[in-house]
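**Student:** The following block contains a protein sequence and its predicted model.
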Amino acid sequence: ARTLRIGLIPGDGIGKEVIPAGRRILEALPASLGLKFEFVDLKAGWETFEQTGVALPEETVSVLKSDCDGALFGAVSSPTKAVKGYSSPIVALRKKLDLYANVRPVKTVVTAPKPIDMVIVRENTEDLYVKEEKTYDTPQGKVAEAIKRISQRASSRIATMAGEIALRRQKIRAGGAPSIHNGPLVTITHKSNVLSQTDGLFRSTAREALAAARFQDSGVAVEEQIVDSMVYKLFRQPEAYDVIVAPNLYGDILSDGAAALVGSLGLVPSANVGEGFAIGEPCHGSAPDIQGQGIANPIATLRSAALMLEFLNEEAAAAKIYAAVDGNLEEGKLLSPDLGGKATTEEVVQDVLRRL
Ligand code: NAD
Ligand code: MN
């Protein structure tokens with residue numbers, strides 16, 4: 001049996017209610033999969049900052065680095081005003097662990113009018129997010145500038161990851177999951193008609209990476225789309241997309257927009273992925289408006305746990321969790337209030353565990 005050590009970082013608010021659900025689903029996976037789990041409780045977030053003066057303790061980083069195969073991160077609250085010394089722990093973790101990809105699957109089961117089953121693969125280290133900005137005075141007033149940096153290396157590895165995800169989705173579907181797509185498809189997003197050098201480099205590098213024999217021989221189709229017309233099509237015809245790969249800023253915007261297509265933030269998972277390491281993270285925040293009521297939807301976290309397993313090469317285990325969650329949504333009897341139901345977090349978890 002393979003033993004996976006998983007760091008658990010609940011954070012703040014409903015993070016503390018949904019991360020235990022993620023732990024339980026991993027523990028409940030059938031023994032026949034040959035997987036064992038060990039969990040390490042780790043701290044980060046606003047409450048940690050208030051107690052210790054740091055939002056991301058050094059110990060959390062070092063334990064993840066030296067002692068864990070993966071992690072689940074809940075959500076953290078951020079102060080409404082800038083607070084000296086506070087900065088977002090998940091942003092810092094992405095940097096410190098070189099989690100260069102942010103992967104967000106967006107999928108409907110029955111809750112939306114259209115079938116949707118796509119994954120947005122967002123480059124997570126460069127583009128405008130290198131945060132090299134400056135402001136200067138001119139006779140006409142202030143001018144501010146920001147650097148948009150695109151490298152061949154980062155573009156190539158993110159496109160390669162998109163191709164691998166496209167292949168893996170085929171495998172998971174072949175295990176019995178229905179598909180709305182004819183075959184694996186990767187859509188490269190850019191604006192190279194205007195930004196011919198930066199987005200031009202992203203586009204040509206991604207094309208080259210996806211032309212590799214292991215993708216082409218397995219029938220991965222590649223297309224490209226300019227980001228603005230992509231937004232239009234994403235809202236009109238979301239069923240057309242399978243895997244989308246994008247530079248950081250476009251990926252950020254597209255992935256939040258796509259999440260809006262499925263009805264509730266409580267359904268949408270994500271993963272921050274680096275070489276041999278993945279952190280599963282629900283897309284929602286700490287939801288102070290419903291915290292402590294036991295009604296947070298745990299599904300985003302359950303799906304994030306499955307997504308983490310995918311990147312730890314445990315596809316069969318991931319597929320089991322996806323199927324159990326889909327079963328709960330399909331039946332529609334035990335849904336949390338954000339989906340129009342009356343079920344508590346605990347009741348949803350119990351129902352998914354039963355289906356597992
Ligand atoms: P939010 O995602 O916390 O909540 C938005 C709305 O969605 C709320 O009405 C909330 O009740 C609902 N919601 C979110 N998750 C849900 C779930 N699992 N089940 C049912 N309903 C759910 O976003 P916000 O209100 O803008 O931010 C609240 C706090 O979270 C802020 O401090 C913000 O900075 C932080 N935040 C953190 C992250 C993160 O840790 N990655 C992401 C977004 C926001
Ligand atoms: Mn965002």
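**Tutor:** The structure has been received and is ready for your questions. Ligands and ions are numbered 1, 2, ... in the order given.
**Student:** only C-alpha atoms for contact and neighbour calcs from this point on.
**Tutor:** Fine.
**Student:** where exactly do the helices run in the chain?
**Tutor:** Here the chain has its helices, by DSSP state H, at 15-27, 46-52, 58-67, 89-96, 152-174, 198-210, 213-216, 227-236, 248-259, 299-311, 315-331, 345-355.
**Student:** Just put the ones you listed in TSV and tack on mean pLDDT.
**Tutor:** Shown next, in TSV, are those (pLDDT from 0 to 100):
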stretch	mean pLDDT
helix 15-27	98
helix 46-52	95
helix 58-67	96
helix 89-96	90
helix 152-174	92
helix 198-210	98
helix 213-216	96
helix 227-236	95
helix 248-259	93
helix 299-311	97
helix 315-331	94
helix 345-355	98
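**Student:** Those helices: which one's closest to residue 269?
**Tutor:** With Cα to Cα as the measure, helix 299-311 is the member of the helices of the chain nearest residue 269 (4.6 Å).
**Student:** List of residues touching that closest one?
**Tutor:** Identification of contacts with helix 299-311 by Cα atoms under 8 Å, 6 or more residues apart in numbering yields 18-19, 21-22, 25-26, 70-72, 74, 265-271, 273, 276-283, 315, 317-319, 321-322, 325.
**Student:** Could you give the separation of it from the chain centroid?
**Tutor:** 9 Å (Cα atoms, centre = their mean, to the nearest Å).
**Student:** One more: stretch 65-78?
**Tutor:** Worked out by Cα atoms, centre = their mean, stretch 65-78 lies 13 Å from the chain centre.
**Student:** what about that stretch and ligand 1, touching?
**Tutor:** Yes - Stretch 65-78 reaches ligand 1 (Cα under 6 Å from any ligand atom) through 75-78.
**Student:** List the contacts of the residue nearest to residue 60 when sequence neighbours are not counted.
**Tutor:** If the residues on either side of it in the chain are set aside, residue 60 comes closest to residue 42, at 5.6 Å by Cα to Cα, 6 or more residues apart in numbering. Neighbour list for residue 42: 7-10, 60 [criterion: Cα under 8 Å, 6+ apart].
**Student:** what are the C-alpha coordinates of stretch 315-333, in PDB please?
**Tutor:** The C-alpha trace of stretch 315-333 is given here as PDB (Å, rounded to 0.1, in the frame of the first residue of the first chain):
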ATOM      1  CA  GLU A 315      -6.600   8.600 -10.700                       C
ATOM      2  CA  ALA A 316      -8.800   5.600  -9.600                       C
ATOM      3  CA  ALA A 317      -9.200   7.100  -6.100                       C
ATOM      4  CA  ALA A 318     -10.000  10.500  -7.600                       C
ATOM      5  CA  ALA A 319     -12.600   9.000  -9.900                       C
ATOM      6  CA  LYS A 320     -14.400   7.300  -7.000                       C
ATOM      7  CA  ILE A 321     -14.800  10.600  -5.200                       C
ATOM      8  CA  TYR A 322     -16.000  12.400  -8.300                       C
ATOM      9  CA  ALA A 323     -18.600   9.700  -8.900                       C
ATOM     10  CA  ALA A 324     -19.800   9.800  -5.300                       C
ATOM     11  CA  VAL A 325     -20.200  13.600  -5.500                       C
ATOM     12  CA  ASP A 326     -21.900  13.500  -8.900                       C
ATOM     13  CA  GLY A 327     -24.300  10.900  -7.400                       C
ATOM     14  CA  ASN A 328     -25.300  13.200  -4.600                       C
ATOM     15  CA  LEU A 329     -25.900  16.100  -7.000                       C
ATOM     16  CA  GLU A 330     -27.800  14.000  -9.500                       C
ATOM     17  CA  GLU A 331     -30.200  12.600  -7.000                       C
ATOM     18  CA  GLY A 332     -30.600  16.100  -5.600                       C
ATOM     19  CA  LYS A 333     -32.200  15.100  -2.300                       C
END
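**Student:** Which positions within that stretch qualify as buried?
**Tutor:** By 16 or more other Cα atoms under 10 Å, the buried positions in stretch 315-333 come out as 315, 317-329, 332.
**Student:** now stretch 223-230
**Tutor:** Residues of stretch 223-230 classed as buried: 224-225, 227, 230 (neighbour count, 16+ other Cα under 10 Å).
**Student:** which one of those sits closest to residue 245?
**Tutor:** Comparing the buried residues of stretch 223-230 against residue 245 with Cα to Cα places residue 224 closest, at 9.4 Å.
**Student:** what's the distance between that closest one and ligand 1?
**Tutor:** Using Cα to the nearest ligand atom, to the nearest Å, residue 224 is found at 29 Å from ligand 1.
**Student:** what do you get for residue 121?
**Tutor:** To ligand 1, residue 121 is 17 Å away according to Cα to the nearest ligand atom.
**Student:** Go ahead and confirm that residue touches residue 249.
**Tutor:** No - here residue 121 lies out of contact with residue 249, judged by Cα atoms under 8 Å, at a distance of 11.7 Å.
**Student:** quick one: which of these two has more around it?
**Tutor:** Between residue 121 and residue 249, residue 121 has the larger neighbour count (other Cα atoms under 10 Å), namely 31 against 17.
**Student:** for the more buried one, which residues make a bridge with it?
**Tutor:** Beta-bridge pairing for residue 121 (DSSP bridges): residue 103, residue 245.
**Student:** ok, now which ones touch the most centrally placed residue in the chain?
**Tutor:** Geometric centre of the chain, nearest residue: residue 270, 1.7 Å, by Cα atoms, centre = their mean. For residue 270, the contacting residues are 102-105, 280-283, 304, 307, by Cα under 8 Å, 6+ apart.
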